[in-house]
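K.L.:
Have a look at this fold, sequence not included:
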């Protein structure tokens with residue numbers, strides 16, 4: 001999980017000069033990215049657990065599903081007029097995934 005956060009931070013440092021000025025680090029959009037990523041991860045984990053997948057593979061799969069949704073959303077934004085690809089959004093997605101994983105790792109069953 002630290003690797004995901006590290007990669008997102010490194011990408012942000014590299015692309016900081018090209019960031020769109022209206023894309024701030026903090027705002028309602030970033031909170032949405034954080035919580036939606038954690039929510040998608042939680043639902044994916046629950047679905048995998050319901051399918052009798054063991055805990056560790058279920059958590060790994062849920063992290064992958066949530067990360068895929070975040071990247072797919074940013075790719076969609078890049079192709080949509082008036083929107084832009086945001087590494088800051090991906091960073092908040094990664095933080096939400098990390099928080100969700102930390103909570104799910106401590107759940108019973």
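P.N.:
On my side now, so go ahead. Here the structure is a predicted model, which is why all the values come from computation and not from measurement.
K.L.:
Run the chain-centre distance for stretch 77-97.
P.N.:
Chain-centre distance of stretch 77-97: 9 Å, with Cα atoms, centre = their mean, to the nearest Å.
K.L.:
Same question for stretch 74-91.
P.N.:
Here stretch 74-91 is found 13 Å from its chain centre; the criterion is Cα atoms, centre = their mean.
K.L.:
what do you get for stretch 90-105?
P.N.:
Its chain's average C-alpha position is 7 Å from that of stretch 90-105, according to Cα atoms, centre = their mean.
K.L.:
Could you give the average pLDDT over it?
P.N.:
Stretch 90-105 shows a mean pLDDT of 94.
K.L.:
What are the buried residues along it?
P.N.:
Using 16 or more other Cβ atoms under 10 Å as the test for burial, stretch 90-105 gives 90-101, 104. Just so you know, the C-beta spots here come from the backbone N, C-alpha and C atoms, and that holds for glycine as well.
K.L.:
need the helices for this protein, in chain order.
P.N.:
Applying DSSP state H to the chain gives helices spanning 2-14, 28-50, 55-79, 87-105.
K.L.:
mind putting those helices in CSV, distance to residue 22 included?
P.N.:
As requested, these are exported to CSV (distance: least, Cβ to Cβ, whole Å):
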stretch, distance to residue 22
helix 2-14, 16
helix 28-50, 10
helix 55-79, 13
helix 87-105, 11
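K.L.:
Just say which of those helices is most tucked in.
P.N.:
helix 87-105 (a mean of 21; mean count of other Cβ atoms under 10 Å).
K.L.:
That one versus helix 55-79: what angle between them?
P.N.:
160 degrees (axes from the mean of the first three to the mean of the last three Cα atoms, to 10 degrees).
K.L.:
Give me the helices and strands touching helix 87-105, please.
P.N.:
Secondary-structure packing of helix 87-105 (3 or more Cβ pairs under 8 Å, 6 or more residues apart in numbering; DSSP states H and E): helix 2-14, helix 28-50, helix 55-79.
K.L.:
so how far is residue 43 from the nearest residue to residue 96 once chain neighbours are set aside?
P.N.:
The shortest distance from residue 96 to any non-neighbouring residue, by Cβ to Cβ, 6 or more residues apart in numbering, is to residue 37 (3.3 Å). According to Cβ to Cβ, to the nearest Å, residue 37 stands 11 Å off from residue 43.
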